[in-house]
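Enquirer: sequence and predicted structure are below.
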Amino acid sequence: MKIAFLGIGLMGRPMASHLLKAGFQVTLWNRTRHKAEALIDLGATLANTPAEALTDADIIITMLENGPVVDQVLFNASVNFKPGSTLIDMSSIPPELARQHATRCLALDVNYLDAPVSGGTVGAEQASLSIMAGGERATFDACLAILSTLGKATYIGPAGSGQLAKCANQAIVGITIGAVSEALLLAAEGGADPAAVREALLGGFAGSRILELHGQRMIDRAFNPGATSRVQLKDLRTILDTAQDEALTLPLVQQTYAQYQKLVNNGLEEVDHSGLLLQLEIDNGNRPLNNKPTHTPYSKT
C-alpha cells in the first residue's frame, strides 16, 4: 500500500513519521521542501509536486491549513488520482466543502473521508490524536489500520460529519480557553496564587484537559504554538458560518471569536491559542497574570 502525505507542518510531520515507523511506504510533499527532508532518514520519499506525490498512491492523506489550500493542492488540472484510491483529508475545513469534495471524489472513482483531528502537537507526537471521520462506513473500516497508527479514530457519519465534530471540538476548546483565562486572572487579581487555584480546580467539577494543559501554559507564560491563535480564529469563523447556514445563533462562540480577532489584530496571530490570555490582559490595562516573562518570540512588550 502506497501512501501520499501532503502537508508536513507542526502536525503533519509527527503524523507522517508514525506511518513511516509503522512500515508504510510514504511519499511526502510539502510546499516548503526542507520540512519534509527531515523524514528521509525514516525512509520517506519526497515529491516535488502534489501530482508527483499522488502517482500510484493508494491512500492520499492531507494535513493542510484550510479548505482553499486543499482545493488548490488537490483539485486542479495537474493532479490525477489513481482510480479506486482513497483520499483522507485530515485538514480542518468547512463541513459543506467536505461534502463537495466527497462528491468530486465520487465522480473520479476515488473514496473519500473527512477526518480532522484533535489533540494538537502533543497528540500528534504521541500518536494519541482523536480522529473524527465522515464518509462511507466501508471506507472508514478499510482505512482503520492507517488511522489507528495516528490515534483513536471514531466513525461519525456521512461525508462532512467529521468536520461537524471538529467544529464542536473547536467551539468547546475556544470557549473553555476563554473561561480558564478569565478564571485564573480573576483569582490572581484577588490575591490568590493562580498555580494553586489551577491545582485545586483540577480535582473538582471544573477540571478539564484545557485547564490542565493550557492553564499550565498560561501560568508559565509559554505561548509557543502547538496550535496557533490564527488557526483557532479560522476554525471559529467556520463554526459561525456553519451555524448561520443552519439558522443557529451561538453567542458564546461569537464572543470568543471576537476576542481571538482582537488578539490577531494585535499582531499575536502566531501565539498558541492559549495565548488568548494575552488579549484579556490587554483588555484589563495590561495587567499580567503573574510577573513571569512570556516565553514566546511573538509577545508584545
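Expert: Received, thanks.
Enquirer: what distance do you get for residue 29 to residue 111?
Expert: Look at residue 29 and residue 111: by CB to CB, to the nearest Å, they are 20 Å apart. Every residue, glycine included, has its C-beta placed from N, CA and C.
Enquirer: over to residue 138?
Expert: Counting by CB to CB, the separation of residue 138 from residue 111 is 8 Å.
Enquirer: what about the two, which has more around it?
Expert: Shown here are residue 138 and residue 111; by other CB atoms under 10 Å, residue 111 has more neighbours (21 against 9).
Enquirer: does the more buried one touch residue 136 like I think?
Expert: Yes - contact between residue 111 and residue 136 holds when scored by CB atoms under 8 Å: they sit 6.9 Å apart.
Enquirer: and the host helix or strand of residue 231, what does it pack onto?
Expert: Using DSSP states H and E, residue 231 sits within helix 229-245. Contacts defined by 3 or more CB pairs under 8 Å, 6 or more residues apart in numbering; DSSP states H and E place helix 229-245 against helix 95-107, helix 161-189, helix 251-265.
Enquirer: CSV for those helices, including mean neighbour count and distance to residue 233?
Expert: Formatted as CSV, the helices and strands packed on helix 229-245 follow (neighbours: other CB atoms under 10 Å; distance: least, CB to CB, whole Å):
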stretch, mean neighbour count, distance to residue 233
helix 95-107, 19, 18
helix 161-189, 21, 9
helix 251-265, 17, 4
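Enquirer: in JSON lines, list those along with distance to residue 128.
Expert: As requested, the helices and strands packed on helix 229-245 are exported to JSON lines (distance: least, CB to CB, whole Å):
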{"stretch": "helix 95-107", "distance to residue 128": "24"}
{"stretch": "helix 161-189", "distance to residue 128": "15"}
{"stretch": "helix 251-265", "distance to residue 128": "26"}
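Enquirer: mind listing what residue 116 touches?
Expert: 90-93, 131-132, 162-163, 165-166 (CB atoms under 8 Å, 6 or more residues apart in numbering).
Enquirer: and residue 1, how many neighbours?
Expert: Look at residue 1: counted by other CB under 10 Å, it has 10 neighbours.
Enquirer: excluding its backbone neighbours, what's nearest it?
Expert: residue 58 (4.9 Å; CB to CB, 6 or more residues apart in numbering).
Enquirer: pLDDT wise, what is the one you found at?
Expert: Note for residue 58: predicted pLDDT of 98.
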